[in-house]
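Asker: sharing a model that was predicted from the sequence below.
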Amino acid sequence: MAAAVAPVLMGTAMAWADGGLSPALGVFFALIGALLIQIGTNFANDYADYLKGADTATRKGPLRVTAAGLVTPEAMRRATTLTFALAVVAGLYLIWRGGWPVLAIGLLSILFGILYTSGRYALAYLGLGELFVLIFFGPVAVGGTYYVQTLTITREVLLMGLAPGLISTGILLVNNVRDLEEDRQAGKRTPVVRFGRTFGVGLYAFCLFGALLLPVVWYLLTYRHGGAMAVLALLPASVRAIRTLALERDGAVLNALLAATGRLLLLYSLLFSIGWILT
């Protein structure tokens with residue numbers, strides 16, 4: 001759940017630094033809403049990939065409960081609907097506070113969460129999944145969290161919001177590199193399927209290094225919030241992660257890398273938030 005927690009943490013830290021931290025109730029509902037949207041998206045993926053035959057017995061990734069027969073497709077569809085409905089309920093306070101921009105963000109997040117793998121023109125099957133993750137788990141999530149606490153938005157929030165989006169995209173790339181052959185057979189035209197494994201590894205490296213460099217670029221341009229460069233402490237771990245993705249093909253190793261990239265995202269958000277507030 002790192003992809004949901006990290007942008008909320010960073011958006012809250014940036015709002016705090018700007019003197020706009022809202023009551024704890026707002027932070028709570030922002031976090032709950034983000035978690036529910038991610039869970040609902042995962043449920044929708046489990047359901048849609050099963051229907052499209054993308055989850056087979058050769059799958060190397062974590063267990064998909066619908067394909068494994070542990071949950072019926074109808075039950076998973078109902079769980080998806082319920083989870084997204086709860087996300088709407090959690091967002092009511094945020095909509096009351098932030099108005100139509102928050103409503104638009106919430107509805108679009110749910111819509112694209114469903115369309116990620118569902119429908120004739122599913123984003124993941126068209127190779128647009130990475131772009132969706134970059135935007136909605138990056139600037140949209142960070143900016144939305146900041147907005148409900150300050151009722152404003154700034155250029156620096158959107159720019160720094162790219163960082164969790166980039167690392168979340170990295171998480172997806174580990175999935176897509178691991179599942180290259182299965183995705184190709186299922187007609188899932190991810191960038192890794194379109195351009196090859198080496199391209200996927202290179203894009204993963206770009207995402208991790210790009211996230212690490214964003215606070216550095218911002219400081220060099222503005223001489224503000226230099227403490228956020230504390231994220232550079234994650235450089236050695238990032239290099240190890242890139243090397244693992246480049247050299248390993250074993251499913252268990254890549255699943256461990258998936259979890260490690262999630263931890264990297266959480267650590268990034270913590271170091272960034274502390275550094276941003278203190279400086």
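Answerer: That came through, no problem.
Asker: who's in contact with the helix or strand encompassing residue 159?
Answerer: Assessed by DSSP states H and E, residue 159 sits inside helix 155-160. Residues outside helix 155-160 that contact it (C-beta atoms under 8 Å, 6 or more residues apart in numbering): 10-11, 14, 139, 142-143, 146, 214-215, 218, 222, 228, 272, 276. Every residue, glycine included, has its C-beta placed from N, CA and C.
Asker: go on, stretch 187-202?
Answerer: With C-beta under 8 Å, 6+ apart as the test, stretch 187-202 has contacts from 52, 54, 124-127, 129-130, 173, 176-177, 180, 183-184, 203, 242, 245-246.
Asker: how about 6 Å then?
Answerer: By C-beta atoms under 6 Å, 6 or more residues apart in numbering, the surrounding residues in contact with stretch 187-202 are 54, 125, 127, 173, 176, 177, 180, 183, 184, 245, 246.
Asker: before we move on, the earlier item: give the buried residues for the helix holding residue 159.
Answerer: Applying a neighbour-count criterion of 16 or more other C-beta atoms under 10 Å, the buried positions in helix 155-160 are 156, 157, 159, 160.
Asker: using PDB, write out the CA atom coordinates for it.
Answerer: What follows is helix 155-160, C-alpha atoms only, in PDB (Å, rounded to 0.1, in the frame of the first residue of the first chain):
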ATOM      1  CA  ARG A 155       4.000  24.500  -8.800                       C
ATOM      2  CA  GLU A 156       6.400  23.000  -6.400                       C
ATOM      3  CA  VAL A 157       3.800  20.600  -5.000                       C
ATOM      4  CA  LEU A 158       3.000  19.300  -8.500                       C
ATOM      5  CA  LEU A 159       6.700  19.000  -9.400                       C
ATOM      6  CA  MET A 160       7.600  17.200  -6.200                       C
END
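Asker: what residues are up against residue 276?
Answerer: Residue 276 sits next to 13, 17, 225, 228 when contact means C-beta under 6 Å, 6+ apart.
Asker: switch to 8 Å and redo it
Answerer: 10, 13, 14, 17, 160, 225, 227, 228.
Asker: of all these, which comes closest to residue 30?
Answerer: Using C-beta to C-beta, residue 10 is the member of these that lies nearest residue 30, at 11.6 Å.
Asker: quick one: which helix or strand includes the nearest residue to residue 144 once chain neighbours are set aside?
Answerer: Leaving out its chain neighbours, the residue that sits closest to residue 144 by C-beta to C-beta, 6 or more residues apart in numbering is residue 105, at 4.7 Å. Element membership for residue 105 (DSSP H and E) is helix 100-115.
Asker: which strands or helices does that helix pack on?
Answerer: Counting contacts by 3 or more C-beta pairs under 8 Å, 6 or more residues apart in numbering; DSSP states H and E, helix 100-115 is packed against helix 24-52, helix 73-90, helix 92-98, helix 129-136, helix 139-150.
Asker: of all those helices, which lies closest to residue 261?
Answerer: Short answer: helix 129-136, nearest of the helices and strands packed on helix 100-115 by C-beta to C-beta, at 12.3 Å.
Asker: and the closest one, which residues are buried?
Answerer: Neighbour counts over helix 129-136 (16+ other C-beta under 10 Å) mark 129, 130, 132, 133, 134, 135, 136 as buried.
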